[in-house]
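> got a predicted structure plus its sequence, pasted below:
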Amino acid sequence: MAIAAAEATPIAYLRAVAALCGDRLLVPVVATTTRLGQTVSGLTSDKEAEMSVVILQAQDGRRALLAFTGLDALQTWQADARPVPVTVDVAAQAAKSEDVSAILIDLAGPHRLVIEGEILAELAAGHRLMELSDGDFGWILPAPD
């Protein structure tokens, strides 16, 4: 798998990102309680909830949008999360709109991948990374309107 090899070298990392550009990711969506209520017997219950994407925050304050390469990896992390299939550029756009600095892919392992910085910005702009025949990498840009 491309993500497994991404840990080895910068070229392997770029190959993993390029492979994701032709695939889809699963972004988990979970129910978040927005208002609590009380039952007649005095127990507290969820009165209202909304669905939210999952964002993790590191101890240093950096935040990352979670995504997974397969349903098994998502369910290993949290069985009741709903998978929303998206392309990596759409995930990057969601990360940008949520003001997070990275996409963390396959948190539950065994091979994690973090997309951040310039590569995240390019993906959020709708660009797709591809490996060229000479071994270099380039961005495919969307056609102008």
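Arrived safely.
> which parts of the longest helix seen in the chain are buried?
Of all the segments of type helix in the chain, defined by DSSP state H, the longest one is helix 10-21. Neighbour counts over helix 10-21 (16 or more other Cβ atoms under 10 Å) mark Y13, L14, R15, A16, V17, A18, A19, L20, C21 as buried. All C-beta atoms are positioned from the backbone trio N, CA, C, and that covers glycine.
> which one among those residues gets closest to L56?
L20 (18.8 Å; Cβ to Cβ).
> thinking the closest one is in contact with V88, fair?
Yes. With contact defined as Cβ atoms under 8 Å, L20 reaches V88; the gap is 4.6 Å.
> shared neighbours, these two?
Counting by Cβ atoms under 8 Å, 6 or more residues apart in numbering, the shared contacts of L20 and V88 are I115.
> residue ranges of the helices in the chain, please?
Remark: helices assigned in the chain by DSSP H are 2-5, 10-21, 71-77, 88-97, 117-124.
> now, of those helices, which is deepest in the fold?
Ranked by mean neighbour count, those are led by helix 88-97 with a mean of 20 (mean count of other Cβ atoms under 10 Å).
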